[in-house]
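In: next one to model:
(one chain, ligands or ions: 2)
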Amino acid sequence: MILPKSNRLTPAQLAEVTAIVEPFGCRLQPIVGAVRTIYAIVGDERDELMINRLEGLAYIDRVDRIQSPHKLMDRRSDLASHRIALGKVTLGEELLVIAGQCTIDPKNPNFLYETAHAVKEAGANVLRGGVWKPRTNPYSFQGDTKSLDILMEAHRRTGLPVDAEVMDETQLRLALDAGVHMLQVGARNALNYSLLSAIGRAVAGRHTVVLLKRGLHMGPLSEFIAAAEYIVSFGNPNVLLCPRGTAPALDGYRNHPDESITPLLKEKTWAPVVVDPSHSVGKAAYVPACALAAVAYGADGLCIEAHVQPSQGIGDDPKQALTPDVLAETISQARQLWRLRRGSAPAQALFSP
Ligand code: PEP
Ligand code: MN
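Out: Ligands and ions are numbered 1, 2, ... in the order given. Now for the predicted structure:
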């Protein structure tokens, strides 16, 4: 829909606009109002170049797209009926919980093995473990490829599918060759389009699931959905959208919690939303409430950092990892709330003493 700055286009302007849209297989349909005339673009109006050319005209106020530019991620796409399954869980049928360490300590693999058993016992469905870490400070521990073996050993010991972040194509290849079930795209790489495309290409034809974090800085939802479109456009629709808080932070929290975007995402796209409360708030004491808020907003899953001994962890674990008992209580409450939201649990079962 084209809205001119004036009440209507002059014949010369109309000719110029028509000459822009026709090569893209579109035509203009004027909609004449009492005061103002606007112009519908009839045809496939998603071409970015056509929109850019129209927006570049000095006499055009706005060009509103009716069709979504994210044709695969759009709620109305055929993919809306696609169900993503991971281990024993099908998204949408049960709350998915990913839990585990921020960072695997290659010198102390037993911590991950114990954490893996503990998160499984607490009710988690997927084990997370950072092998390679995106660290703000170049002198901080950057992760270690040896940790990949530790993660896969934890999978063998517990049967839990595993999730690890990859930041480049070498890590991507190593993770896929090792059999990692879920690839995480971190907040710092959420808009790295060549990495998103490489992941999309690499997971096409596989069952691998991609957990796409929201970009670190508060960007429009369409930017987040477009990043997912990059991956899905290569043929694997197993993508989960993960709000994890944005910058600038809310004073006292690590980031600005953004679980409240869940219903907005679900209105625009069919993709399941898996909220990360750990990086949103950044302190273990605040994580359970943020996790429950996410479920109340309609999240399909949670990604929570947990460690058998948080104080002995590396990376974020000393600050924000939940202990197994707190994780178990949080998962139990979150699952009750999830069932309540779907009308299958009595309200009084919530928050049992
Ligand atoms: C993480 O999951 O440990 C992590 C680094 O997350 P994010 O990319 O959201 O900061
Ligand atoms: Mn972390």
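
In: neighbours of the residue in the stretch 1-150 of the chain that ligand 1 sits nearest to, just the number please.
Out: Closest approach between the stretch 1-150 of the chain and ligand 1, counting by CB to the nearest ligand atom: C102, at 4.5 Å. Backbone N, C-alpha and C define where each C-beta goes, glycine included. By other CB atoms under 10 Å, the residues close to C102 number 23.

In: same thing with R206?
Out: Neighbour count for R206, taken as other CB under 10 Å: 12.

In: phi first, then psi, for it.
Out: phi -110, psi 170 (degrees, to the nearest 10).

In: tell me the contacts of it?
Out: When contacts are counted by CB atoms under 8 Å, 6 or more residues apart in numbering, R206 touches L176, N236.

In: distance of it from G179?
Out: Noted for R206: a distance of 10 Å to G179, by CB to CB, to the nearest Å.

In: can you tell me the closest non-neighbouring residue to A154?
Out: Once flanking residues are discounted, A154 sits nearest to A116: 3.9 Å by CB to CB, 6 or more residues apart in numbering.

In: sec struct for that neighbour, please.
Out: Judged by DSSP: H, G, I helix; E, B strand; the rest coil, the three-state class of A116 is helix.

In: closest residue of this structure to ligand 2?
Out: Nearest to ligand 2 in the chain, going by CB to the ion, is C102, at a distance of 3.3 Å.

In: so that residue touches K319, yeah?
Out: No - with contact defined as CB atoms under 8 Å, C102 does not reach K319; the gap is 9.0 Å.

In: surely I51 is in a strand?
Out: No - assessed with three-state DSSP, I51 is helix; it does not lie in a strand.

In: find me the pLDDT at it, would you?
Out: I51 is assigned 94 on the pLDDT scale.

In: that one - how many residues pack around it?
Out: Per other CB under 10 Å, the neighbour tally for I51 reads 19.

In: so for it, what's the nearest residue that isn't a sequence neighbour?
Out: Nearest one to I51, counting by CB to CB, 6+ apart, is V63 at 5.5 Å.

In: where does the chain come near ligand 1, residue by residue?
Out: C102, G130, P134, G186, A187, R188, K213, R244, D276, H279, D316 (CB under 6 Å from any ligand atom).

In: list the contacts for the second one?
Out: The one in question is G130. With contact taken as CB under 8 Å, 6+ apart, G130 is in contact with Q101, C102, T103, I104, G143, S147, A164, E165, G315.

In: closest one of the residues you listed to R46?
Out: E165 (31.5 Å; CB to CB).

In: surely the closest one touches Q142?
Out: No - counting by CB under 8 Å, E165 sits too far from Q142 to count as a contact (12.0 Å).

In: higher neighbour count, these two?
Out: Neighbour count, other CB under 10 Å: between E165 and Q142, E165 has more, with 25 against 13.

In: which residues does the more buried one bridge with?
Out: Legend: beta-bridge partners of E165 under DSSP bridges are Q184.

In: phi and psi next, for the spatially most central residue of the chain.
Out: By CA atoms, centre = their mean, the chain has its centre lying nearest to L241, at 2.1 Å. Dihedral angles of L241 (phi, psi; degrees, to the nearest 10) stand at phi -90, psi 130.

In: isn't it right up against R214?
Out: Yes - if you go by CB under 8 Å, L241 and R214 touch, sitting 7.4 Å apart.

In: residues shared between the contacts of those two?
Out: F224.

In: what sits in contact with each of E165 and Q142?
Out: Residues touching both E165 and Q142 (CB under 8 Å, 6+ apart) are W132, K133.
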